[in-house]
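Undergrad: Here is a sequence with its predicted model. Questions after.
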Amino acid sequence: MGIAPTDEQIAIQTSRARHVIAMANAGAAKTTTLALRIAESITRGVWPESIVALTFSSEAARVLQARLIEIGVDAKVARRVRCVTFDALAQQVLNDFEGVQPPFLASNEALAPHVRATVARLQLENAQRRSPRELWLPEHNDLIFEFLTLARQIKARMVRPELDDGETIEERAELLGIPEGVFLLYRHLERERAGDGVGPRWRTEFDATYDLACLLQAGEVQVPLPEYRIVIVDELQDMNPATYVVLEHLLARGKAFFTGAGDFDQVIHRWAGADVNFIRSQFGQGWRNVESLPLTRTYRHGPVMALATAALKNKAVVSGRVHETRLRLVPYADPRDAADKVVADILDWKSRGGQLDACAVVLRAPYQSIHIENALLEAGIGWRVEGLESYLLRSEILMLRGVIAFALEDYESIPGVDKRLKVLHALLLWQQFDWGARRLEDSALKTAAAQPELFDAFLKGLLLKPQTRADKQARHLSDDEAAEADARFLEKINALRQSGRGEEANTLLNLRRADAETIDESSAQRNARLRLEQALAMLRAAPADAPAHALLERAVDMLQLRRVARDIFIAPSRALMVTRSIEGFIDASRRRNLSLHDFAHWLRKAEVREARLRAAGAVLLCTVEAAKGQEFQAVMLPYLEAGAFPMAGCDRAEESNRFYVAITRVRDELSLYVPAAAERVSPFVEAMQVGKAVARGRLQVDAHF
Ligand SMILES: Nc1ncnc2c1ncn2[C@@H]1O[C@H](COP(=O)(O)OP(=O)(O)OP(=O)(O)O)[C@@H](O)[C@H]1O
């Protein structure tokens, strides 16, 4: 076994209580102790398959499974213990129960059409009433995003769409503290999702947990839950009433023993219904034989960090690790300078023998990755990402790569079939092309991606061609189905002619010709097409040695990408990220001052190189959310300025928790990058009282020697 458990850990590991709860600080060994508890059960003869460890993120599930192996459980045995998210467990139970697997809509963008359709219906119904009501119904993307966030919270609270006898929508909305329109829309959308056959029409994140909780709570049908003897829950602070229903039924089903651990200060998912008040006041109510046990020391880092965290959160934090954790502030002049300093520190870490894999750059928001990725590329350091997409793979950048390739007629500048396919998808998205989802699987697209010489046909035959009525009719058909429809049509024409009904055949043919010639496109689509034509003409007419950044700036303006982003993406933060990604992309070209052709080829080479570098070890670039539950020897937190962290417009308490999660990921070295102008430094950094923590922490470490 890699560690010697402390007395507190042993107490939890061996407790005879049916329910054991440990709420403790970050790094206080919660996950490790849960792993020890699982190991103890296995040693006592519990079958690994009858143990389930539940988490709220797949990353946390992965960490727990890995921790089992780290503390000495045989890897084969460890893999037999089920470590999954609540939602994944619920999905599997429902799939088995319903016998079907409804489509999983992973993004807000995929959900939005359903919301829009329901809104349109409700507006119509409202307008037809004798006295229409004032209803808050979201039409624009950012309001749809707000609605979807509220809907998720409503589900976490187990609010059913059905009304009680005699209850009105207005009364229910008031009870919930939400606008009447939100509840009305929620109610209708849920009905729509429920469908009328077996299983729902779709599910999105958390729907499986909610649906399962509803079924279990109603108790009308027997849902066969798996039977576990030991139920473990990590990150207990993320519990909400819906997951609690599932948990209670699981415990009852297997007459299971429960152990859970969490940290009140790590609630960063309130948007998703995580509710600390719930844990404090309702969790475990009615349970008998409950033991709340402490884990008082953090074993992740030494006293310097413990003191800084204590100052930030104004709570007691004690370290059990005699280690002089390095904590330092690094001032920067501007975002690019911050990125250069992060990369210089990564190189320094490496030169001192540190592993790249043990190093993480933790970001408050995905858009902050851009300057850092540019600097990493330049320095020849590989990176992997969690919780965000490399900006070179974001659709706005892929689309621009496509535009550059079209302008240069140089399709080889985008390396690899997969990448080219992504570029084509991005072009369709940004041209607001109303293609059915099935068409995205279209073999024509795949062929164009595989054979770059067909890119041109894609441009002329699709992107720059006005969409006709016939195109629109065919948009929900796959390639095969379209070919089949054509064959059937010809058969019909032949049959008509053979039976002497040539006139009818001609009418049909004329109608079909008219469909093929009649332009039928939305104004958004037509404008996008014209803008693309214009931007391509500008790029093609530019002198060959014109600097790429100047051309790209003009192209971005002509394509009106910032505005289109607000039409396409539901979350305002995503639209903002688009703007930032594009700025970063242009900045990368400005730094190089190359022509468009040379910049396209520099990108190609950089990508190939990056893939090679990644294979040789890579730093992690991740969001705070993705870092939660993980730890790294070296952690770098760039852009710690007011407005960025705490993020303007976000709940301050939750931002403080997010910051606490970020800083407590470190084992050995934490670097905080702050603006050189003192008045812009994040108040959270101020609250850490770094100077004092370092001085006093060192004394504590010295006292041990
Ligand atoms: N008895 C121990 N002795 C020494 N180190 C320990 C001991 N128990 C746990 N650790 C180490 O302490 C660190 C933090 O442990 P762990 O990840 O379990 O904390 P946690 O409370 O789950 O953290 P978080 O709140 O971030 O999820 C890990 O590196 C772990 O290996």
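TA: The structure has been received and is ready for your questions. Numbers count the residues shown, from 1 in each chain.

Undergrad: For the ligand, what's the nearest residue on the stretch 351-500 of the chain?
TA: Ala358 (11.7 Å; C-beta to the nearest ligand atom). Any C-beta I mention is one placed from the backbone N, CA and C, and that applies to glycine too.

Undergrad: Could you pull up the residues touching that residue?
TA: Neighbouring residues of Ala358 by C-beta atoms under 8 Å, 6 or more residues apart in numbering: Phe632, Gln633, Ala634.

Undergrad: Could you do Phe278 as well?
TA: By C-beta under 8 Å, 6+ apart, the contact set of Phe278 is Met239, Asn240, Pro241, Tyr244.

Undergrad: neighbour-wise, which of those residues leads?
TA: Per-residue neighbour counts (other C-beta atoms under 10 Å) across the contacts of Phe278 peak at Asn240, which has 28 neighbours.

Undergrad: Could I get the contacting residues of it?
TA: By C-beta under 8 Å, 6+ apart, the neighbours of Asn240 are Ala156, Arg157, Gly273, Ala274, Asp275, Phe278.

Undergrad: What backbone torsions are found at it?
TA: Dihedral pair for Asn240: phi -140, psi 170, per degrees, to the nearest 10.

Undergrad: go on, Ala333?
TA: Dihedral angles for Ala333 - degrees, to the nearest 10 - are phi -90, psi -40.

Undergrad: Likewise for Ile230?
TA: For Ile230, the backbone dihedrals (degrees, to the nearest 10) come out as phi -120, psi 130.

Undergrad: Find me whatever residue is spatially closest to Leu429, sequence neighbours aside.
TA: Setting aside the residues directly before and after it, Leu429 is nearest to Ser395 in space (C-beta to C-beta, 6 or more residues apart in numbering), at 5.7 Å.

Undergrad: Let me fix that, I meant to ask about Ala274.
TA: Nearest non-adjacent residue to Ala274 (C-beta to C-beta, 6+ apart): Asp238, at 4.3 Å.

Undergrad: Leu640 now?
TA: Leaving out its chain neighbours, the residue that sits closest to Leu640 by C-beta to C-beta, 6+ apart is Ser682, at 4.2 Å.

Undergrad: So the residue nearest to Ala274 versus the ligand, what's the distance?
TA: From Asp238 across to the ligand, the span is 11 Å (C-beta to the nearest ligand atom, to the nearest Å).

Undergrad: cool, Ser522 as well?
TA: Distance from Ser522 to the ligand, by C-beta to the nearest ligand atom: 48 Å.

Undergrad: Quick check on the residue sitting furthest away from the middle of the chain: phi, psi?
TA: In the chain, Gly500 marks the outermost C-alpha relative to the chain mean, sitting 61.4 Å out by C-alpha atoms, centre = their mean. When read as degrees, to the nearest 10, the backbone of Gly500 gives phi 80, psi 20.

Undergrad: returning to what we had before: share the number of residues neighbouring the residue nearest to Leu429, please.
TA: Per other C-beta under 10 Å, the neighbour tally for Ser395 reads 21.

Undergrad: Give the burial count for Ala53, as a bare number.
TA: 26.

Undergrad: right, and the helix or strand after the helix or strand hosting Ile12?
TA: Using DSSP states H and E, Ile12 sits in helix 7-14. Sequence-wise, the next helix or strand downstream of helix 7-14 (DSSP H and E) is strand 19-23.

Undergrad: Quick check: can you name the pairing partners of that next one and their directions?
TA: Partner strands and pairing direction for strand 19-23 (DSSP bridges) are strand 257-262 (parallel), strand 290-292 (parallel).

Undergrad: near the ligand at all, that strand?
TA: No. On the criterion C-beta under 6 Å from any ligand atom, strand 19-23 is out of touch with the ligand, staying 8.8 Å away.

Undergrad: picking up where we left off before, out of the strands paired with strand 19-23, the one nearest the ligand is which?
TA: Closest approach to the ligand among the strands paired with strand 19-23 (C-beta to the nearest ligand atom): strand 257-262, 6.8 Å.

Undergrad: and the angle for the closest one with helix 7-14?
TA: In terms of direction (axes from the mean of the first three to the mean of the last three C-alpha atoms, to 10 degrees), strand 257-262 departs from helix 7-14 by 140 degrees.

Undergrad: For Thr14, give me its contacts.
TA: Glu40.

Undergrad: ah, wrong one, I meant Val694
TA: Val304, Leu327.

Undergrad: How much space separates it from Gly27?
TA: Between Val694 and Gly27 the computed distance is 18 Å (C-beta to C-beta, to the nearest Å).

Undergrad: burial of the nearest residue to Pro179 once chain neighbours are set aside, as a residue count?
TA: Spatial nearest neighbour of Pro179, chain neighbours left out: Trp136 (4.0 Å); criterion: C-beta to C-beta, 6+ apart. If you count neighbours by other C-beta under 10 Å, Trp136 ends up with 16.

Undergrad: please renumber so the chain begins at 10
TA: OK, 10 is where the count begins now, so the last one is Trp145.
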